[in-house]
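S.K.: The following comprises the amino acid sequence and a computationally predicted model.
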Amino acid sequence: MTFSSTESPDIHVSFRDAVFSGLAPDGGLYVPIEEPDLKRLFLGFSADGSFVEMAERMIGALFGSDIAGRSPAAIARTAFPFAPVMRPLTPQIELLELFHGPSCAFKDFGASFLATILEIFLDGTDRRATILTATSGDTGSAVAHAFYGKKNIDVVVLYPSGRVSPLQEKQLTTVGGNVLALEVEGTFDDCQRMVKQAFQDRELTDRFHLTSANSINLGRLLPQSFYYAFAWCVSHAEFAGDFLFSVPSGNFGNLTAGVYAWLWGLPVDRFIAATNKNDIVPEYLRTGVFKPRASVPTLSNAMDVGNPSNFERLRAVFRDDLMDIRTMIHGVSVSDDETVATMRRHYTRSSIVLDPHTATAVCAAEKMIESEYGSTEDDGSVKIVVVSTAHPGKFGEVVYDALGIKPDIPERLLNALEKEKQSVVIGSDKADLARVLFATRRTA
């Protein structure tokens with residue numbers, strides 16, 4: 001595949017170059033130029049097939065020329081020792097659970113693939129790459145675990161001191177090895193600013209081969225399309241009604257990956273963009289005006305985004321045609337009260353504990369069923385797969401306040417709590433970051 005920039009369509013780069021650079025040189029986001037037709041692949045995939053099998057086929061179809069001499073099957077097995085789990089919630093709604101990886105969040109899928117493919121691209125070269133990322137919690141832990149022990153790759157994660165949960169901090173600071181956690185005396189915005197300034201510093205980028213591991217990097221975003229294809233293939237059997245995905249949406253990378261799968265031939269009828277009070281995209285779909293604003297805090301904090309950067313990619317897919325976007329994407333905003341009510345309703349009904357982000361997408365799906373299909377009975381008119389992005393154990397306080405119970409915490413998270421924190425405390429200036437890089441990181 002080749003890619004161009006959302007800012008300059010005449011820029012053409014390979015997948016390898018897009019992965020290493022993250023952002024385009026003009027500041028735009030890389031988007032695929034080709035639109036491969038994978039419909040036959042999707043329709044021919046068995047409902048009994050495994051996620052690794054789906055990943056293998058899509059890796060070969062999308063990136064075959066970029067990984068010449070490498071086995072797509074081996075890449076899939078290495079990147080995905082964990083898999084999504086499908087779970088019925090109501091007669092019309094299924095959950096696509098994406099929290100069975102090492103950090104218990106959906107970001108494990110993209111981060112693990114990116115780590116695997118970067119290691120392959122670096123193999124046989126004298127190059128050493130440094131992954132530099134800022135986190136308010138989940139991204140950092142997914143990246144840290146995915147890149148731990150990878151050859152010729154260092155990881156530096158910046159997080160705001162005192163502004164992540166104790167569990168998230170332990171996930172970030174107990175990995176060790178080639179992963180360095182920097183505890184910044186400042187805010188998450190400070191962390192993001194420091195990372196951005198580092199990428200704009202030619203000396204730092206050249207010396208340490210800096211690259212990104214957030215969703216601006218296509219190497220992390222595109223593999224998320226694999227689980228949309230897998231979910232459709234295993235749950236659409238003998239179903240003739242409308243098939244939708246409801247996606248908890250903050251920065252819109254997850255939904256963008258699903259739209260790419262649709263663009264490549266996945267027979268999806270619509271996507272529901274479920275947001276919390278930060279409803280910039282639903283408002284755009286209503287009014288035609290994209291108006292970023294400061295984010296406001298909600299219970300579904302990972303979705304508290306006031307200017308979703310990946311929406312630029314969605315607009316590129318639809319060539320900025322508002323009517324086409326509205327045809328494929330339905331925006332729904334969900335309040336905190338509705339989120340809590342949804343968590344309570346489904347715990348009472350089925351003893352299923354939803355994290356607050358998944359609950360927003362469930363609520364949005366139920367609103368869609370009521371407004372457009374009129375029945376909550378399984379009459380064959382619609383099936384909605386809700387993308388369940390995080391384990392409820394990561395949001396114990398919210399779950400306890402909503403349900404009065406403490407959710408189970410997976411053993412891999414409990415293990416992190418028992419380990420000793422290892423971090424380096426730094427100030428909130430780029431110079432502080434540069435000093436640590438020169439003092440601790442190997443150059444190539």
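M.R.: Arrived safely, thanks for sending.
S.K.: Do you have the strands of the stretch 301-444 of the chain handy? List them.
M.R.: Ranges of strands in the stretch 301-444 of the chain, per DSSP state E, counting those that start in this stretch, are 329-333, 382-388, 424-426.
S.K.: Counting by contacts, list what the longest one packs against.
M.R.: Helices and strands touching strand 382-388, by 3 or more CB pairs under 8 Å, 6 or more residues apart in numbering; DSSP states H and E, are strand 93-97, helix 225-235, strand 242-248, helix 356-368. The C-beta positions use only the backbone N, C-alpha and C, and glycine is treated the same way.
S.K.: wait, what's in contact with the residue nearest to residue 330 when sequence neighbours are not counted?
M.R.: Nearest non-adjacent residue to residue 330, counting by CB to CB, 6 or more residues apart in numbering: residue 272, 5.1 Å away. By CB atoms under 8 Å, 6 or more residues apart in numbering, the contact set of residue 272 is 244-247, 329-332, 361, 364-365, 368, 384.
S.K.: In three-state terms, label residue 272 for me.
M.R.: strand (DSSP: H, G, I helix; E, B strand; the rest coil).
S.K.: Roughly how far does residue 301 sit from residue 100?
M.R.: To residue 100, residue 301 is 22 Å away according to CB to CB, to the nearest Å.
S.K.: Which of these two has more residues huddled nearby?
M.R.: Using other CB atoms under 10 Å as the criterion, residue 301 and residue 100 rank with residue 301 on top: 18 against 14.
S.K.: What residues does that one make contact with?
M.R.: By CB under 8 Å, 6+ apart, the residues touching residue 301 are residue 136.
S.K.: Relative to residue 419, how far out is residue 394?
M.R.: Remark: distance between residue 394 and residue 419 (CB to CB) = 17 Å.
S.K.: Could you do residue 333 as well?
M.R.: Applying CB to CB, the value for residue 333 to residue 419 is 39 Å.
S.K.: still on that earlier bit, more crowded one of residue 394 and residue 419?
M.R.: residue 394 (26 against 13).
S.K.: shouldn't the more buried one be in contact with residue 413?
M.R.: Yes: look at residue 394 against residue 413 with CB atoms under 8 Å: they come within range, at 7.3 Å.
S.K.: which residues are common contacts for the two?
M.R.: By CB under 8 Å, 6+ apart, residue 394 and residue 413 have these common neighbours: 104, 167.
S.K.: Quick one, grab the pLDDT at residue 275.
M.R.: At residue 275, the model reports a pLDDT of 98.
S.K.: same question but for residue 296, I mixed them up
M.R.: At residue 296, the model reports a pLDDT of 87.
S.K.: From residue 419, how far out is the residue nearest to it when sequence neighbours are not counted?
M.R.: Sequence neighbours aside, residue 277 is the residue nearest to residue 296 in space, at 5.5 Å (criterion: CB to CB, 6+ apart). Residue 277 sits 36 Å away from residue 419, going by CB to CB.
S.K.: got the CA positions of stretch 87-103 in PDB?
M.R.: Extracted in PDB, the C-alpha atoms of stretch 87-103 (Å, rounded to 0.1, in the frame of the first residue of the first chain):
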ATOM      1  CA  ARG A  87     -20.500 -11.900  24.000                       C
ATOM      2  CA  PRO A  88     -24.300 -11.500  23.600                       C
ATOM      3  CA  LEU A  89     -25.900  -8.700  25.600                       C
ATOM      4  CA  THR A  90     -29.500  -8.400  24.300                       C
ATOM      5  CA  PRO A  91     -31.300 -10.100  21.400                       C
ATOM      6  CA  GLN A  92     -30.100  -7.300  19.100                       C
ATOM      7  CA  ILE A  93     -26.800  -6.300  20.600                       C
ATOM      8  CA  GLU A  94     -23.500  -8.200  20.900                       C
ATOM      9  CA  LEU A  95     -20.300  -7.100  22.700                       C
ATOM     10  CA  LEU A  96     -17.000  -7.200  20.900                       C
ATOM     11  CA  GLU A  97     -14.700  -7.500  23.900                       C
ATOM     12  CA  LEU A  98     -11.200  -6.100  23.200                       C
ATOM     13  CA  PHE A  99      -9.800  -6.100  26.700                       C
ATOM     14  CA  HIS A 100      -8.200  -9.500  26.800                       C
ATOM     15  CA  GLY A 101      -4.700  -8.300  26.000                       C
ATOM     16  CA  PRO A 102      -1.900  -7.400  28.400                       C
ATOM     17  CA  SER A 103      -3.100  -3.900  29.300                       C
END
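S.K.: Pull the residues that contact the helix or strand of the chain with the lowest mean pLDDT.
M.R.: The helix or strand of the chain with the poorest confidence is helix 188-199; it has a mean of 85 (mean pLDDT, DSSP states H and E). With CB under 8 Å, 6+ apart as the test, helix 188-199 has contacts from 22-23, 132-136, 158-160, 163, 184, 204-205, 210, 212, 428-430, 432-434, 437.
S.K.: backbone phi and psi for residue 13, please?
M.R.: Per-residue torsions, residue 13: phi -140, psi 160 (degrees, to the nearest 10).
S.K.: How about the contacts made by residue 293?
M.R.: Shown in contact with residue 293 (CB under 8 Å, 6+ apart): 280, 306-307.
S.K.: With respect to residue 2, which of the residues you listed is nearest?
M.R.: Residue 2 has its nearest neighbour among the contacts of residue 293 in residue 307, at 27.9 Å by CB to CB.
S.K.: which residue packs closest to that closest one, ignoring adjacent ones?
M.R.: Counting by CB to CB, 6+ apart, residue 307 lies nearest to residue 292, which is 3.6 Å off, once chain neighbours are set aside.
S.K.: from what I can see the one you found touches residue 280, true?
M.R.: Yes: look at residue 292 against residue 280 with CB under 8 Å: they come within range, at 6.0 Å.
S.K.: shared neighbours of these two, anything?
M.R.: Shared contacts of residue 292 and residue 280, defined by CB under 8 Å, 6+ apart, are found at 306-307.
S.K.: out of the two, which sits in the more crowded spot?
M.R.: The neighbour comparison of residue 292 against residue 280 (other CB under 10 Å) goes to residue 280, with 23 against 14.
S.K.: Out of the contacts of helix 188-199, which sit inside helices?
M.R.: Using DSSP state H, the members of the contacts of helix 188-199 that fall in helices are 204-205, 430, 432-434, 437.
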